Each structure stands twice: as structure tokens, then as C-alpha cells.
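Participant: Please work out how this folds:
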Amino acid sequence: MKIRVIQSDITTIKADAIVNAANSSLLGGSGVDGAIHRKGGSEILKACQDIRNKQGKCNVGEAVITRAGKLDARYVIHTVGPFWNQGGIEKEKLLSNCYKNAMNLAIENNVRSIAFPNISTGIYKFPKALASQIALQSINGFKEQKIVEEVIFVCFDRENFELYSKLLKQ
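Facilitator: Numbers count the residues shown, from 1 in each chain. As a prediction, this is how the structure comes out:
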């Protein structure tokens, strides 16, 4: 499994699956979530509403999958990251679960390439350096699986791009 990092807008990435840093309502919001819903169109919102009608909200650390609408992908995997607040080991585990649950859905759906944003590092205020370590550690736990061939970390900002680049070189 190849892991790479780029600095870009995740809504422009061509991949089998794009991960959305969603909120528990699954109905769109600000940041990455709003951008994915806007560019992907009403098909994504409708699919999210159907999921909510079946199961209710999506809890922190969990993930659900929908079609990708107008995005250049087959799927959007929506995962809900934790708010940092005072932080702690529980928040770190929840963030790790976001990556793990998204990867498990990718494997179940024969996704060959998956693009991740920097989950919880925007308005949820998770420290970027810690979040990048957790993300890479979580994804590295999937090195032996044979379905996902490429993981792309798509960093919107320079700080995250530099953090991920440095960690990937180690």
C-alpha cells in the first residue's frame, strides 16, 4: 500500500473514495464537510438523509459510506472526528477510529484508492502534529491488507502538508 501526501482541495481529487470530515448530523456543515456536500451535489445529501432515517446520527469515531455524486470518486466515506476541547487519550482513540473505520469501509467496498483530509484539525481544534501522527499510525495498521493500494493525505494548508511530509520521510 502506497501512502502519499499532497497539498490540495480534496474535492478535486480523483480517487475511488474521498473521506469527509463530517459532523454527526451528516447533513453538511462548514470546512471539508460543506465543500464536499456543495461540490458533490444533492445525491450525497439524499444518501446521508437515508442513512439518518435508518440509524440516526453518526457517532464520533464511526463512519458511513455513500455514493460520491458529482465528485470524481465512486464513494464518499463520512466520518465524525472528535472535538479536541481538553483533549486526552479518549479523543486520540476516537480520531484513530475515524481512520480505521474509514479504511474498513474502503476494504469492504473494494476501494483501491482513498483520499483523507486532516480530520478534526480545523474548527474541531485537534492539535495538527498529534493528529498527523495518529492518522499515519492508524493507516500503517492496514499495510498488510490487499485491497487498498493507495492512501492519499490531502492537506488543505501548508502546516499539515509539512507535518505529514516530515512523518512520511521518517
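
Participant: Show me the strands in the protein, by range?
Facilitator: 2-7, 17-22, 63-67, 75-80, 113-116, 150-155 (DSSP state E).

Participant: any idea of the mean pLDDT for the shortest one?
Facilitator: To tie it back to what came earlier, the one meant is strand 113-116. If you average the pLDDT over strand 113-116, you get 98.

Participant: What pairs with it, parallel or antiparallel?
Facilitator: Using DSSP bridges, strand 113-116 pairs in its sheet with strand 17-22 (parallel), strand 150-155 (parallel).

Participant: relative orientation of the biggest helix by length in the chain and strand 17-22 in degrees?
Facilitator: Among the elements of type helix in the chain, defined by DSSP state H, the one spanning the most residues is helix 89-108. For helix 89-108 and strand 17-22, the angle between their directions (axes from the mean of the first three to the mean of the last three Cα atoms, to 10 degrees) works out to 150 degrees.

Participant: quick one: helix 89-108 to chain centroid distance?
Facilitator: Shown here is helix 89-108, whose average C-alpha point lies 9 Å from the average C-alpha point of the whole chain (Cα atoms, centre = their mean, to the nearest Å).
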